[in-house]
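Asks: Okay, here's the prediction I keep looking at, along with the sequence it came from:
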Amino acid sequence: MATWSAPGKVFLFGEHAVVYGKPGIAMAIKPRVMVTVRKAKRLKKPNSSYIAECFRQMGVSGSVYVRSQLPSSSGLGSSAAVTVATLFAINDEFGLGKTQDELSAIAHTVEKNVQKGRASATDTYVSTVGGMVLITGTTKRKLPPPQLQLVIGNSLTHHNTSDMVNRVAELKRSRPEIAEPIIDAIAAVTKCSMHHFKNPRELGNLMNMNHALLEALGVGHPQLSRLVLAARAAGALGAKLTGAGGGGCMFALCSKNAKTRVAGAIEACDARAIITGIDTQGVRKEKDD
């Protein structure tokens, strides 16, 4: 039996713009998914299409037990974390000897196959290596890990990543004179943020700008806006949606003194709050129970 875990992620800056080759910055967060894989005599088809595709790609069969601290379908990379942890556990349990780079590439393939070709490599890469990562086109580079105090707000509103990506693509096709300057502005905010990771107040201002630009692209949601405004009113330095939008999660950048108050303000809006920070480890082996 082998147990591995992998972290979720938030997009600090640049979601949607990154689809068009612009820079984006994503960060692994501490809530994790833990996956135990065991060789089994009696084979049982996994309930998760991601886990089933992991076994198909690795050419073996076994049993799986998943424990998750991440809400699913919320923009926090839960499917990528499940995929990465499952692949590393399979590799360990069956002694397949694949490298981290090979498993990271297979993880992206799994997500692409399950999501019919629409998956970004960002989620599986960040879940594999941890820390903070700058993505530009096909290039990924780890950045020095900042000590950011974050409060995530789960709107409990279902969203569909493909629908949101298609919505931006349609705006870009039908109104390029509007959509392209917004995407360029998001890229400018992302580049500017790289000079302010030691200045939380300015970083918060840039997050507010990024959120406004995402709303202008049409990927906001009334409940996300409610949570963002509540977090700012409670003392957050900045707040924005994370991921595809249209529901899912937002996060707020806070001082140490404000994070409990901000979490309370988010939960008062019929949402769930998670106080968290950066996870620098990425995928890791856990002790078997």
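Replies: Noted; the coordinates are in hand. Since the structure is predicted, the reported quantities are computational estimates derived from the model, not experimental observations.

Asks: measure the closest residue to Asn154 other than its chain neighbours to Thr36 for me?
Replies: Spatial nearest neighbour of Asn154, chain neighbours left out: Arg272 (4.4 Å); criterion: C-beta to C-beta, 6 or more residues apart in numbering. For glycine as for every other residue, the C-beta is placed from the backbone atoms N, C-alpha and C. Distance, Arg272 to Thr36, using C-beta to C-beta, to the nearest Å: 26 Å.

Asks: try Ile51
Replies: 12 Å.

Asks: Quick check: neighbours shared by those two?
Replies: Common neighbours of Ile51 and Thr36 (criterion: C-beta atoms under 8 Å, 6 or more residues apart in numbering): 64, 66.

Asks: quick revisit: tell me, how many neighbours does the residue nearest to Asn154 end up with?
Replies: As a burial measure, Arg272 scores 15 neighbours (other C-beta atoms under 10 Å).

Asks: my guess is it meets Gly153, correct?
Replies: Yes - Arg272 lies in contact with Gly153 (C-beta atoms under 8 Å); the separation is 7.4 Å.

Asks: who touches both of these two?
Replies: In terms of C-beta under 8 Å, 6+ apart, Arg272 and Gly153 are both contacted by the residues Ile266.

Asks: what are the ranges of the helices in the stretch 51-200 of the chain?
Replies: Here the stretch 51-200 of the chain has its helices, by DSSP state H, counting those that start in this stretch, at 78-93, 100-114, 121-129, 161-174, 176-193, 200-216.

Asks: Throw the ones you listed into JSON lines and include mean pLDDT, mean neighbour count and distance to Lys44, thanks.
Replies: Formatted as JSON lines, the helices of the stretch 51-200 of the chain follow (pLDDT from 0 to 100; neighbours: other C-beta atoms under 10 Å; distance: least, C-beta to C-beta, whole Å):
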{"stretch": "helix 78-93", "mean pLDDT": "96", "mean neighbour count": "27", "distance to Lys44": "15"}
{"stretch": "helix 100-114", "mean pLDDT": "92", "mean neighbour count": "19", "distance to Lys44": "19"}
{"stretch": "helix 121-129", "mean pLDDT": "91", "mean neighbour count": "25", "distance to Lys44": "25"}
{"stretch": "helix 161-174", "mean pLDDT": "91", "mean neighbour count": "16", "distance to Lys44": "29"}
{"stretch": "helix 176-193", "mean pLDDT": "97", "mean neighbour count": "17", "distance to Lys44": "44"}
{"stretch": "helix 200-216", "mean pLDDT": "97", "mean neighbour count": "20", "distance to Lys44": "41"}
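
Asks: Distance to Leu70 added to those, as CSV?
Replies: Below are the helices of the stretch 51-200 of the chain laid out as CSV (distance: least, C-beta to C-beta, whole Å):
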stretch, distance to Leu70
helix 78-93, 4
helix 100-114, 15
helix 121-129, 10
helix 161-174, 15
helix 176-193, 24
helix 200-216, 21
